[in-house]
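Trainee: fold the following and give me the result.
(chains A, B, C and D)
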There are 4 protein chains.
Amino acid sequence: MTEQETVKARMHRVIFGTETGAGRNFDVVLIIVILASVLALLLDSVASINDQYGHWLFAAEVAFTVLFTAEYVARIYCSPNRRAYIFSFYGIVDLIAVLPTYLAFFVPGAQHLLVIRIFRVLRIFRIFKLFHYMSEAQVLLRSLEASRHKISVFLVAVVTLVVVFGSLMYLIEGPQNGFSSLPRSIYWAIVTVTTVGYGDIAPGTPLGQAVAALAMVTSYAIIAIPTGILSAEFIRESQRQISRRQCQSCNKYGHEKDAVYCKHCGAKLPGSHPPY
Amino acid sequence: MTEQETVKARMHRVIFGTETGAGRNFDVVLIIVILASVLALLLDSVASINDQYGHWLFAAEVAFTVLFTAEYVARIYCSPNRRAYIFSFYGIVDLIAVLPTYLAFFVPGAQHLLVIRIFRVLRIFRIFKLFHYMSEAQVLLRSLEASRHKISVFLVAVVTLVVVFGSLMYLIEGPQNGFSSLPRSIYWAIVTVTTVGYGDIAPGTPLGQAVAALAMVTSYAIIAIPTGILSAEFIRESQRQISRRQCQSCNKYGHEKDAVYCKHCGAKLPGSHPPY
Amino acid sequence: MTEQETVKARMHRVIFGTETGAGRNFDVVLIIVILASVLALLLDSVASINDQYGHWLFAAEVAFTVLFTAEYVARIYCSPNRRAYIFSFYGIVDLIAVLPTYLAFFVPGAQHLLVIRIFRVLRIFRIFKLFHYMSEAQVLLRSLEASRHKISVFLVAVVTLVVVFGSLMYLIEGPQNGFSSLPRSIYWAIVTVTTVGYGDIAPGTPLGQAVAALAMVTSYAIIAIPTGILSAEFIRESQRQISRRQCQSCNKYGHEKDAVYCKHCGAKLPGSHPPY
Amino acid sequence: MTEQETVKARMHRVIFGTETGAGRNFDVVLIIVILASVLALLLDSVASINDQYGHWLFAAEVAFTVLFTAEYVARIYCSPNRRAYIFSFYGIVDLIAVLPTYLAFFVPGAQHLLVIRIFRVLRIFRIFKLFHYMSEAQVLLRSLEASRHKISVFLVAVVTLVVVFGSLMYLIEGPQNGFSSLPRSIYWAIVTVTTVGYGDIAPGTPLGQAVAALAMVTSYAIIAIPTGILSAEFIRESQRQISRRQCQSCNKYGHEKDAVYCKHCGAKLPGSHPPY
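Mentor: Numbers count the residues shown, from 1 in each chain, chains lettered A, B, ... in the order given. Coordinates of the predicted model:
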């Protein structure tokens, strides 16, 4: 192993890892800097603050961009597989965090792209790695994944429902009450069925109010469906987790408490004894 | 079997089935055309788009109607039991998808019926057949079916509650705050209890606001009820599904969906195939 | 048993019972009449309908009152324990259904009380008796009863939260943004935390909007609490129900699947055998 | 034990305890006084009531402050560990309940702090101690505690989502539709995703409405997540509670809360008493 290799490996351990003290400190500092840069973006967009402190925020932004660029280059440099990092989710997010500022410098009219820098906020998902929350996040994702078919069926049903209710209201209320087109009526239906209820469009005729009331009561049962799906899935997942048993043949987890053989490969599970 | 019979059977396999490649392709194309026709309807209802592209959208509508009519005739032709298809849910939806356009041609003043064509959107439920989601959809429907008594009790309770709260607010607030009649007050109560909250009618007197606050807090517990009912039902359903699967070697039940081997005796489960 | 006794017993069977055909028919007719009388009340409160059909609705109301009075007298007459009926929940609701009309006849200025007749709608809860939904309704009530302590704790926490958030907003926003007094600010907090969100009062200052955003995100977790409580309770209840086992010594239900002895009185349960 | 010691011990039993009749009475009176003082604060903040009854409410406030000060001093006096009480949650709340009134007397311009007295409402949490609801409250807190990692992951995801949706809407809608800055757009996103939906800021452009509709449908699945997490946790907690109870005759665990006899062997369970 060359001297340079060792430096790269050490950099990788600090930048990508969380096991060492230096690695943890690096991540803590990084997250603080990310949050500070997002806060600067938020403040910069407020007209009154921009008028008064605009040049300070611009200076801060330059500093953040230099820092993030250095970090991005360092990440590429010390990655064992550079292509994999560059095209990974975090690689792209890391690039988006700095690119708009450079574009705004060099390309005239790209000022509008600056808002895209807000996607820096996605970088704080690295916080999960830091606090060992990855497994919790994965349990949530696995439950969502397991119930994705049911959720799809539910979403198709909701889309159909809002199209039907929106069209009915377009027929009943018409343009004089704000239901000026089918898309706008469907927008109203979504606002209503999700119980957001802005009130920017609201039924004015008695029949329209009756249909709207029906839509609302329907949305009741509908809200219960995804909740019920996820509750059932989380409960199943948590019961499977309780046993935390691993098959020593195929290394898979997720065995029920009373399982004697692995349901994936049929091998005998450790610590299990036939129930007699 | 005559030559014609074979053509009919083949048509049926393509149009109604999803097992063959041709059958799948037919359904994919159909769903794209359905979504395109719904999109055309939505755009057509926007005044500014209608002014500019109205004749293009009219041409598209004619094309869609011809296509759907051909499909409808073909479906009737190749159905083994034509009456059953025509009066089935999908048969009626398929008819409604084309009828309004013809009516608008021949009957003056039927223009208003054109919105009914939006019910074409119901045809995309065929998408479930395509993606083998029927079983998921059926699990959801079966759970809703199983809990329909509890949901009915809940709905009667909600109706009573909104009538009582609406009447109270009619007494307290009166017409000067928008509570101009009992039906309108009940409409307000539904908007409030379902937490939609447009704000088109809102209590103005302190007593009215106190009663409204009570209604909102009550609606809290109430939203929890259908969710709880469905959660319990989904869990029962998933447990029932698990318990229905039987090992042919040890005759024991209770295997999870993704189980390949029996957890009790390690034998291969029927109807399962190793995941490769 | 005298002749008169038999008449009373038969009347009781028809009016209070649902086992006989006459009893069922009586209840069906009664529920239709109740709904018709509620509908008449709703229509009567709409100014335009009242102007045109007021005298018809008045006539209908007289007829309904006569019918309900006759029914009320008959119920008292054929009750084995009259005092128990009169002071029961339904006895009082039955009285309230007719009393306001008489008061409006005899007492000047009692017109305002007429709205109270809407409580007639409570009488349709008898519909549950008719459709054998009593057990479903009781399961729901038992679950609510079992979780009443947890719900109380939750409600005290919610009340505290809305008082604290309301007071904070009163300090931050003040009268110029509609937060003109503490009760009004607390009303805003209830509207916000229950996610109703009328928008009649909304924060105007940046700090107020930040605190409001915090209140909304908090309300998220809070909505999940009663739902979780009831879900857990419904699931437990449904699992207990599955076994549907009754102790033959104390006649109590609700035994778990693996119970061998009654948990209430210690007697051996029927159909159970020690697990060896 | 000196005479003085006995007085202190007796005071402690009455003021802090709920076992004796005097202790219960003390707490009941205290809670009534707390609620009365909070009510007085609420009424005092209403301009019209303050104009008319301001001096009465001021007198009441002086009385409440004297009472609470006496109680605070008594609590300090009879605490075995005074420092522990003073710096406990309740010790600080008890101090906040009286301090603002004194400050307003002596410090000019501290009138604004008077609203802080509303935190007196936190003192009613002592009500749980009175009604033996502590265990219920602790079950809820333990469940929230157990699922805090999952809830954190969820909250980070929600924060990211509202930042992303808020920024998109800022780009699309811009200042002319009320999306005048990034923080304000994010405030809109929070109001929308939590389904509060004031309507003070609402999308005006078709593209903005489409993105808003997407945000609403997303918020659907999102509301289901914390509910599912807590449902699963409550069920686990209730199963854990059941499993903790042990029969002293057959040593088996898994008895329900209301069980009096062991369901496995019929022996009386410890700590249970027949319900008569």
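
Trainee: all helices in chain A, in order from the N-terminus.
Mentor: Using DSSP state H, the helices of chain A run over A:3-16, A:21-44, A:47-78, A:82-86, A:89-96, A:99-106, A:126-130, A:134-146, A:148-173, A:182-193, A:206-243.

Trainee: what's the most buried one of those?
Mentor: Ranked by mean neighbour count, the helices of chain A are led by helix A:182-193 with a mean of 26 (mean count of other C-beta atoms under 10 Å in any protein chain shown). In short, each C-beta sits where N, CA and C put it, glycine included.

Trainee: distance between that helix and the chain's centre?
Mentor: 25 Å (C-alpha atoms, centre = their mean, to the nearest Å).

Trainee: equivalent analysis for stretch A:195-214, please.
Mentor: 32 Å.

Trainee: do the same with stretch A:164-178
Mentor: For stretch A:164-178, the distance to the chain centre is 35 Å (C-alpha atoms, centre = their mean).

Trainee: got the residues of the stretch 51-200 of chain A near chain D?
Mentor: A:112, A:115, A:118-119, A:121-122, A:124-125, A:127-128, A:133, A:136-137, A:139-140, A:143-144, A:151, A:155, A:158, A:183-184, A:186-187, A:190-191, A:194-200 (C-beta under 8 Å from any C-beta of the partner chain).

Trainee: one step back: which of the helices of chain A sits closest to residue C:52?
Mentor: Checking the helices of chain A against residue C:52 by C-beta to C-beta gives helix A:206-243 as the closest, at 14.8 Å.

Trainee: what is the end-to-end distance of stretch A:250-261?
Mentor: In terms of C-alpha to C-alpha, to the nearest Å, the two terminal residues of stretch A:250-261 are separated by 12 Å.

Trainee: ok, stretch A:70-89 next?
Mentor: 19 Å.

Trainee: what average pLDDT does it get?
Mentor: For stretch A:70-89, the mean per-residue pLDDT is 91.

Trainee: what does that stretch rub up against?
Mentor: Outside stretch A:70-89, the residues within contact range by C-beta atoms under 8 Å, 6 or more residues apart in numbering or on different chains are A:8-9, A:11-12, A:15-16, A:30, A:91-92, A:94-95, A:97-98.

Trainee: make TSV out of the helices of chain A and add distance to residue D:259.
Mentor: Shown next, in TSV, are the helices of chain A (distance: least, C-beta to C-beta, whole Å):
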stretch	distance to residue D:259
helix A:3-16	54
helix A:21-44	49
helix A:47-78	59
helix A:82-86	58
helix A:89-96	52
helix A:99-106	65
helix A:126-130	42
helix A:134-146	33
helix A:148-173	36
helix A:182-193	44
helix A:206-243	23
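
Trainee: any stretches of the stretch 101-250 of chain A with poor pLDDT?
Mentor: Applying pLDDT under 70 to the stretch 101-250 of chain A flags residues A:109-111, A:129-132, A:240-245.

Trainee: what residues does it put near chain C?
Mentor: Residues of the stretch 101-250 of chain A lying near chain C (C-beta under 8 Å from any C-beta): A:195-199, A:227, A:231, A:235.

Trainee: show me the two of the residues you listed that sit farthest apart.
Mentor: A:199 and A:235 (37.2 Å).

Trainee: residues contacting the residue with the shortest distance to the centre of chain A?
Mentor: Nearest residue to the geometric centre of chain A (C-alpha atoms, centre = their mean): residue A:122, 7.9 Å. Taking C-beta under 8 Å, 6+ apart, we find residue A:122 in contact with A:93, D:160, D:164.

Trainee: and those, which is closest to residue A:176?
Mentor: Comparing these against residue A:176 with C-beta to C-beta picks out residue D:164 as the nearest, at 36.4 Å.

Trainee: so that closest one sits right up against residue A:119, yeah?
Mentor: Yes. With contact defined as C-beta atoms under 8 Å, residue D:164 counts as touching residue A:119 (7.0 Å).

Trainee: residue A:172 reaches residue A:211, doesn't it?
Mentor: Yes. If you go by C-beta under 8 Å, residue A:172 and residue A:211 touch, sitting 6.2 Å apart.

Trainee: what's the local residue count around the closest residue to residue A:250 other than its chain neighbours?
Mentor: For residue A:250, ignoring the flanking residues on the chain, the nearest one in space by C-beta to C-beta, 6 or more residues apart in numbering or on different chains is residue A:265 at 4.1 Å. Neighbourhood size, residue A:265 [other C-beta atoms under 10 Å in any protein chain shown]: 15.

Trainee: keep the contacts of stretch A:70-89, but drop any that are not near chain B.
Mentor: For chain B, no contacts are drawn from the contacts of stretch A:70-89 by C-beta under 8 Å from any C-beta.

Trainee: not counting its neighbours along the chain, what's nearest residue A:37?
Mentor: Residue A:37's closest residue in space is residue A:64 (C-beta to C-beta, 6+ apart), at 4.1 Å.

Trainee: distance of the one you found relative to residue A:38?
Mentor: Distance of residue A:64 to residue A:38, computed by C-beta to C-beta, to the nearest Å: 10 Å.

Trainee: repeat that for residue A:66.
Mentor: Residue A:66 is 17 Å from residue A:38, where distance means C-beta to C-beta.

Trainee: and residue A:167, how close does it get to residue B:100?
Mentor: Applying C-beta to C-beta, the value for residue A:167 to residue B:100 is 12 Å.

Trainee: and residue A:116, how many neighbours?
Mentor: Per other C-beta under 10 Å, the neighbour tally for residue A:116 reads 18.

Trainee: domain map for chain A?
Mentor: Following automatic domain parsing, one finds the domains of chain A at A:3-133, A:148-244.

Trainee: in JSON lines: the ones you listed, plus distance to residue D:45.
Mentor: Listed next are the domains of chain A as JSON lines, based on distance: least, C-beta to C-beta, whole Å:
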{"stretch": "domain A:3-133", "distance to residue D:45": "31"}
{"stretch": "domain A:148-244", "distance to residue D:45": "28"}
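
Trainee: and the residue of the stretch 51-200 of chain A found nearest chain C, how far is that from residue A:122?
Mentor: Taking C-beta to the nearest C-beta, chain C has its nearest neighbour within the stretch 51-200 of chain A at residue A:199, 5.9 Å off. In this view, residue A:199 and residue A:122 are 33 Å apart by C-beta to C-beta.

Trainee: what's the distance between the closest residue to residue A:178 other than its chain neighbours and chain C?
Mentor: Closest residue to residue A:178 apart from its sequence neighbours, by C-beta to C-beta, 6+ apart: residue A:201 at 4.1 Å. In this view, residue A:201 and chain C are 13 Å apart by C-beta to the nearest C-beta, to the nearest Å.

Trainee: same question, residue A:37
Mentor: Distance from residue A:37 to chain C, by C-beta to the nearest C-beta: 19 Å.

Trainee: ok, that residue - contacts?
Mentor: Contact partners of residue A:37, counting by C-beta under 8 Å, 6+ apart, are A:60-61, A:64, A:68, A:117, A:120.

Trainee: again, but for residue A:171
Mentor: If you count contacts by C-beta under 8 Å, 6+ apart, residue A:171 has them with B:112, B:115.

Trainee: swap in residue A:58?
Mentor: For residue A:58, the contacting residues are residue A:44, by C-beta under 8 Å, 6+ apart.

Trainee: picking up where we left off before, wait, doesn't the residue nearest to residue A:250 sit right on residue A:247?
Mentor: Yes. With contact defined as C-beta under 8 Å, residue A:265 counts as touching residue A:247 (6.4 Å).

Trainee: measure residue A:29 to chain C for me?
Mentor: Residue A:29 is 26 Å from chain C, where distance means C-beta to the nearest C-beta.

Trainee: do you know how far that residue is from residue A:17?
Mentor: Applying C-beta to C-beta, the value for residue A:29 to residue A:17 is 15 Å.

Trainee: residue A:162 too?
Mentor: Per C-beta to C-beta, residue A:162 is found 47 Å from residue A:17.
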